[in-house]
Each structure stands twice: as C-alpha cells, then as structure tokens.
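J.: Provide a 3D model corresponding to the input given below.
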Amino acid sequence: MAGRIEDYALIGDMQTAALVCRDGTVDWLCLPRFDSHAIFAGLLGTEDHGFWRLGPAHASDTEPPRAARRGYRGDTLVLESEWDTPRGTVRVTDFMPPRDGAPQLTRIVEGVSGRVPMRSALRMRFSYGRITPWVHKVDGRTVAVAGPDSVWLDASTETYGKNLTTYSDFTVAPGDRVAFTIQWQPSHKEQPPVPDPESALAATEEFWQQWVEHGTYHGPYREAVVRSLITLKALTYAPTGGIVAAPTTSLPEEIGGVRNWDYRYTWLRDAAITLSSLLRTGYREEARAWREWLLRAVAGDPENLQIMYGIAGERELGEAELDWLPGYENSGPVRVGNGAAGQLQLDVYGEVTEALHLAHMTGLARNDYASLLQLKLIRYLEGHWDEPDEGIWEVRGPRRHFVHSKVMAWVAVDRTIKLIESGDADGPLEKWRDLRDDIHRDVCEKGYDKERNTFTQSYGSKELDASLLLIPQMGFLPPDDKRVIGTIEAIQRELSTPDGFIMRYPTDGDDAGVDGLPGDEGAFLACSFWMADDLAMIGRVDEARKLFEKLLALRNDLGLLAEEWDPRLQRQVGNFPQAFSHVPLIDTALRLTASGAYGG
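T.: A predicted model of the protein is given here:
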C-alpha cells in the first residue's frame, strides 16, 4: 500500500520527477517526460504496478522500516534518508541529474556505522503497471524492454531475478558506497553509456546550489521560500519552459472520492502565477523561457486559447480512465489526460496578460509578438467577456457568469491599457478604457450582494467563492473598500474549516453541487494563502502572519505541499507537490516580509 501523500519526497531532473516514500520506495516515475507512461505506478495501485524499494533488509517486504531521518542536502533536490537499525546506521542518497541525454535515477547506499544488510527490490511495469517487460542481461547490464521503451539498470553489486522482480542483497560497513542507476532509452537505440554515479551526484548538487544563488529573497521565511522555488523549478520542463501543475495524476481531493485529475500539463493560469513568483524572486531566465513557450503554444491563434497545453505545447489532451489501477487508497477512477482542456475559462486571459505585464514591468527584454498577442487577447475579450464560462475551478456543471472570470477580464483590459499608455503598443485606448469601465460596472452591479455586503461566486447566486479574495490583489478595488472587507469577512465566516483554513466554495456531499461533481474536498491551500494576503492588505497583519505560519506547519518534513488539506483526516490530499500551493506561499512570504509582519 502506498504511503500517505506527505510521506513522499520529490526528486527530478526538470523533465520528469519521481516520488520517494519515507520507507525508501519509489512509487511513482514517468519516463522520459512528466506526462509519459509510468514505469512505477504503485502510488495508484499496488506493488504489482511497479516500485523500487531500497533500504535495510527486513523479514517482510510488506512492512519495510521507515527512515529515522531524511532531508534534502542543503538547497538542492538531492534527498538523503537514514535508517537506524540494530546492526548500524545506513544512508541512501536519491537524485536525478539534470540531463542532456538519457533520464537517470540514481540511488547511492552509504554505510555510516556497523554492518547493515541491505536489499534493493526493483519491479518495473510499463504503461502504468499494465505491461510486464522482458528483463534480461546485455553485456553484464540488466535491461527491461517492452514496445518502444527500455530501462537499463547498472549496479555496483550483484543482482538477480525472482518473481518478476530484480533483487540485490548486500551489506554495507562505514565508508562503503554501493550505487544503482536506472536509465530510460528508446528500445530501438543502442544501450546508453554506463553512468558515473559519483560524478553525477557532484554535478547535481552543484547545479542546484548555483541556481539557488540567483534568488533575491533573503527574508525571514527563506527556508520555506527557497524550497518552494526549487520545487517550482523542478516542475519546469527544461527543453520548452512549460511548467506542469504537478508531477502526478489522480491523487484524490477526497480520499475514496472521484475528484481525481491528471495535473501533468501546463495550465496557463498556474504557469502565469508561477512566472510571477519567479520574476519577483530574481529568476528572469525561467520567465523568459515561459514567455517563449506561451508564444509557441498559442501560435497566432488566441481566439482558440486553451486553458492548458501539453508541456511542449500539445493541444490534444484527451481524458481516459485506467481501469486496471484501483487508485490511491482505492480512490478511483485513475485518469490520464484532462477533458477540461476544452473548457472556456475567461479568467485565463487575465492571468496571462498580468504575467506578460509583470515581465514587461520588471525589465524582461521586449518581445514584439508578446505585445501583439496581448492586443489579440483583448480583441477576443471585447466580444466574449460577458459570456458564461466554466471558471477558475473548471466546473463540470453548467456554465455561469463567474465573478472571478469577469474580474480577470477586467485585469486583462487594464494591463493592456497600461501597455499602450507606456508607449510600447498601439491600440484603441479610449475604446478599451470604456470597455474596462463597462466590465467594472457590470461586476459591481451583478456580482455584489448588497444585503450581505459581499461579492458572490456568480451573478445572481448566494454562494461565496474564495477566488473573490483576489479582487484587491488584482487592483479591481482597493483593500479598504467596504465591499472588499465585507467579502473577506464573509468568506472567513462561510468557507473556513474549523482550523481556520479556506474552502474554495461550498460542496454538497453526495449531491452534485455547482461543480457538477458529487462528494466534498479539503481546504484549498492556495485560497488559504490568499486569505493571509488579504488580511495583511486590510491591516490585520498579526492575523495574517498567524494564518501563514499555520499553513507553513501543514508542509511535510521536506517543505512540500499537495493541493489541499483534509481537516477531518488531518492530512494532505490532491496532486503532489502542487505548484498552485507553492506559488502563493512565496507571494504571501514576500508580502509579509515587506510589511514587517513576521515573528522573531
């Protein structure tokens, strides 16, 4: 059985990523890309669907011992786990070197004290656990082959096959180092070069240390901010600049529920807010690469802007269910692809335009096509901003006039007006100023409940929505506006969990609610960070700091966050780690640091 979501560590090479459990088991790895088929899918099923366990030998493979200590080596993505056993202490170092060639996952075992018996158990299953590969030896190396894929295992100790699993049993004493590396290669190509694990480790550590040094944040929340920045970098697909929302699919938003989605794609919204955080912390090269990805993905067709694309800009992301996988803790179905790619979400135009505006304001070298794209987006919005859509939360129920979507349409127009006013673009300035006023008036008239002094989820509704917390952050209204304060306080009353975290919107249990889905979900971590931001903006800075530090306490021992927090089960839920959680963590830290609202 897979571990709890917070039991996992992330390692990756900026093209794919693996999740390593506290017991030394790699339960998730897609090769060669984030969105490729998994060769270890035990996270969403059983050990029969693929895993790689490396740790102290024990009597039962079903209950392996958990590491006594683990952590990343400094400001890197190199994971170290240590076990204390009756016979001594052992350390395992896991990492994936940033690559030019074949993707690699390397695991180095090091004896610390005593003499510790160790075991490696490697069970590769291709196509999300459905296909058992042909495993054999070639020139003394172990290779698993099925269809177009091959995975090569190199080990500095003997291996053997048993029960369709590759094992290695060995003992380490102080100073001993035993290395294992797997590499993916198209099966029709020659075998990849034999790896050099120690050189790869040194290069990986140096890469991350040098990357972190470019950051400009040195405030009181540095540890949390830097770990979040490293996580965002790890979720970036280096060849194209695309940023995945998470490296996993179908980790449930409710244990045992059906809210299970594939997040291994580039949402324009998530990528745009990620870009914002990277720019504000000194990472201009990542921002430039994302802007280039965006221009290629949209490719002169903004009228058909999708809310998400593949990591190389692919448009077809058809959704399917993998019925041979039972799902994480039997939370089915397991989905690959994402049908929401065809939805209309008008807020995306605002997020993209805001990101391009921020890039321009922070001095990123001008790109004429980026400015042209921005103008084309507004011309599209001119004729469509007043239509209903599926909104930021990708509802699978009827389209509505979501207030957040209208606010973000206003943002798109406002930022484009500023671009024209700066002299860096030409457009019908007065016409678009009128459009900006029209959208603002429409929202304030139709999306505001005067009796309750709060904006609502959609026109004519009584429900609230945590996305309304972005109204002051986007500059739609000033923080001291009574309607803003009323909205913040209403969301605190009606969408807070007992421990003070924020739900996205009301759900209706067994009945399909506004999102068209049965079941409930946890507190949405991004929304909880937005609340902390808003509290700081309206002067309740001590309350903001306390909420922020409560949120930091939800991170696992490695500083990682999933999408949501289940207040009933007191555990993380949803895809992991989640960019949409780590970005607002960074933003709130920056805001609190600027205001001086921090402890110590």
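
J.: what about residue 317, helix or strand, and which?
T.: Secondary structure from DSSP states H and E places residue 317 outside every helix and strand.

J.: Can you show me the helices along the stretch 1-150 of the chain?
T.: Ranges of helices within the stretch 1-150 of the chain are 126-129, based on DSSP state H, counting those that start in this stretch.

J.: Now for residue 3: which residues touch it?
T.: Contact analysis of residue 3 by CB atoms under 8 Å, 6 or more residues apart in numbering lists 21-23, 25, 27. The way it works is simple: take the backbone N, C-alpha and C, and place the C-beta from them, glycine included.

J.: Next one: it relative to residue 571, how far apart?
T.: 11 Å (CB to CB, to the nearest Å).

J.: same thing with residue 525?
T.: Going from residue 525 to residue 571 by CB to CB gives 13 Å.

J.: now residue 476
T.: To residue 571, residue 476 is 35 Å away according to CB to CB.

J.: the more surrounded of those two?
T.: Shown here are residue 476 and residue 571; by other CB atoms under 10 Å, residue 476 has more neighbours (23 against 17).

J.: What number of residues are in the vicinity of the closest residue in space to that one that isn't next to it in sequence?
T.: Nearest non-adjacent residue to residue 476, counting by CB to CB, 6 or more residues apart in numbering: residue 407, 5.1 Å away. Neighbours of residue 407 under the rule other CB under 10 Å: 25.

J.: likewise the one 10 residues further on?
T.: For residue 417, the tally of surrounding residues (other CB under 10 Å) stands at 19.

J.: Excluding covalently adjacent residues, which one is nearest to it?
T.: Leaving aside its chain neighbours, residue 417 sits nearest to residue 432 (5.5 Å; criterion: CB to CB, 6+ apart).

J.: Would you quantify the distance from residue 483 to residue 464?
T.: To residue 464, residue 483 is 13 Å away according to CB to CB.

J.: intersection of neighbour lists for the two?
T.: Joint contacts of residue 483 and residue 464 (CB under 8 Å, 6+ apart) are residue 454.

J.: hey, C-alpha coordinates of stretch 100-118 in CSV?
T.: The C-alpha trace of stretch 100-118 is given here as CSV (Å, rounded to 0.1, in the frame of the first residue of the first chain):
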residue,chain,number,x,y,z
ASP,A,100,21.4,16.3,-21.7
GLY,A,101,20.9,12.7,-22.7
ALA,A,102,19.0,9.7,-21.2
PRO,A,103,16.9,10.3,-18.0
GLN,A,104,18.6,8.8,-14.9
LEU,A,105,17.5,8.0,-11.4
THR,A,106,20.5,7.2,-9.1
ARG,A,107,20.5,5.8,-5.6
ILE,A,108,23.7,5.6,-3.6
VAL,A,109,23.9,3.5,-0.4
GLU,A,110,26.5,4.6,2.2
GLY,A,111,27.4,2.8,5.4
VAL,A,112,27.5,5.1,8.4
SER,A,113,28.1,2.7,11.3
GLY,A,114,28.1,-1.0,12.0
ARG,A,115,27.4,-3.6,9.2
VAL,A,116,23.9,-3.2,7.8
PRO,A,117,22.3,-5.8,5.5
MET,A,118,20.5,-4.1,2.6
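
J.: how far out from the middle of the chain is it?
T.: 27 Å (CA atoms, centre = their mean, to the nearest Å).

J.: buried residues in it?
T.: Within stretch 100-118, the residues scored as buried using 16 or more other CB atoms under 10 Å are 102-112, 114, 116, 118.

J.: for stretch 323-333, same thing?
T.: Neighbour-count burial for stretch 323-333 flags 325-328, 331-332 (criterion: 16+ other CB under 10 Å).

J.: before we move on, what about stretch 488-500?
T.: Judged by neighbour count using 16+ other CB under 10 Å, the buried positions of stretch 488-500 are 488, 490-491, 495-496, 500.

J.: now swap in stretch 438-454 and tell me
T.: Of the residues in stretch 438-454, 439-440, 442-443, 447-449, 454 count as buried by neighbour count, 16+ other CB under 10 Å.

J.: cool, stretch 415-429 as well?
T.: For stretch 415-429, by 16+ other CB under 10 Å, it's 415-417, 419-420, 425.

J.: In CSV, list the residues you listed along with pLDDT, distance to residue 459 and secondary structure.
T.: Shown next, in CSV, are the buried residues of stretch 415-429 (pLDDT from 0 to 100; distance: CB to CB, whole Å; DSSP: H, G, I helix; E, B strand; the rest coil):
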residue, pLDDT, distance to residue 459, secondary structure
415, 95, 24, helix
416, 95, 24, helix
417, 96, 24, helix
419, 91, 29, helix
420, 93, 29, helix
425, 87, 31, coil
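
J.: can you tell me which of the buried residues of stretch 488-500 are in helices?
T.: 488, 490-491 (DSSP state H).

J.: Turn those residues into JSON lines, columns for distance to residue 70.
T.: Output for those, formatted as JSON lines (distance: CB to CB, whole Å):
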{"residue": "488", "distance to residue 70": "39"}
{"residue": "490", "distance to residue 70": "42"}
{"residue": "491", "distance to residue 70": "37"}
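
J.: Out of those, the closest to residue 8 would be?
T.: residue 491 (30.9 Å; CB to CB).

J.: doesn't residue 471 make contact with the closest one?
T.: No: applying CB atoms under 8 Å, one finds residue 491 not in contact with residue 471, separated by 10.9 Å.

J.: Residue 182: what secondary structure?
T.: Following DSSP: H, G, I helix; E, B strand; the rest coil, we place residue 182 in the strand state.
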